[in-house]
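> quick one: sequence and predicted model below, then my questions.
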Amino acid sequence: MKGDGGPYTLRALIRDEGENRLHGVMLKEISDDRFAGVWAASHPGTYNLGIMARRDNINRLFPHILQIEVR
């Protein structure tokens, strides 16, 4: 993803219902401003997904982007 200041890196942060961090998945740009990554849940439950965006020395956290329920 390119903005005024150069490329970004994106990382998905996956947490359980208790907000404990379980996994971090690097997201890869698959087309203009579209990113993908792979994560497999280890057991059923509700998971919260956030995004960490980084450019140079600047980090921006978007903590509650998506909730995933695995049955």
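Now that the structure is in, tell me what you want to look at. Note that the structure is a prediction, hence the values are computed from the model and not measured.
> this protein: helices as residue ranges?
In the chain, no helices are found when defined by DSSP state H.
> check contacts around the residue nearest the centre of it.
Residue closest to the average C-alpha location in the chain (Cα atoms, centre = their mean): Ala12, at 1.4 Å. By Cβ atoms under 8 Å, 6 or more residues apart in numbering, the contact set of Ala12 is 24-25, 27, 37, 39, 49-51. (C-beta placed from N, C-alpha, C; glycine too.)
> what's the answer for Glu17, then?
45-48.
> type out the PyMOL command that picks the buried ones from those residues.
Written as a PyMOL command, the selection of buried residues from the contacts of Glu17, which uses 16 or more other Cβ atoms under 10 Å, is:
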select buried, resi 47+48
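> any idea which of the contacts of Glu17 is closest to Asp33?
Lowest distance from Asp33 to the contacts of Glu17 (Cβ to Cβ) belongs to Asn48, with 22.9 Å.
> which one is the closest one nearest to, not counting chain neighbours?
Nearest residue to Asn48, sequence neighbours excluded (Cβ to Cβ, 6 or more residues apart in numbering): Arg15, at 4.7 Å.
> that neighbour contacts Gly24, correct?
No. Here Arg15 lies out of contact with Gly24, judged by Cβ atoms under 8 Å, at a distance of 10.3 Å.
> higher neighbour count, these two?
Legend: neighbour count by other Cβ atoms under 10 Å for Arg15 and Gly24, higher for Arg15 (17 against 13).
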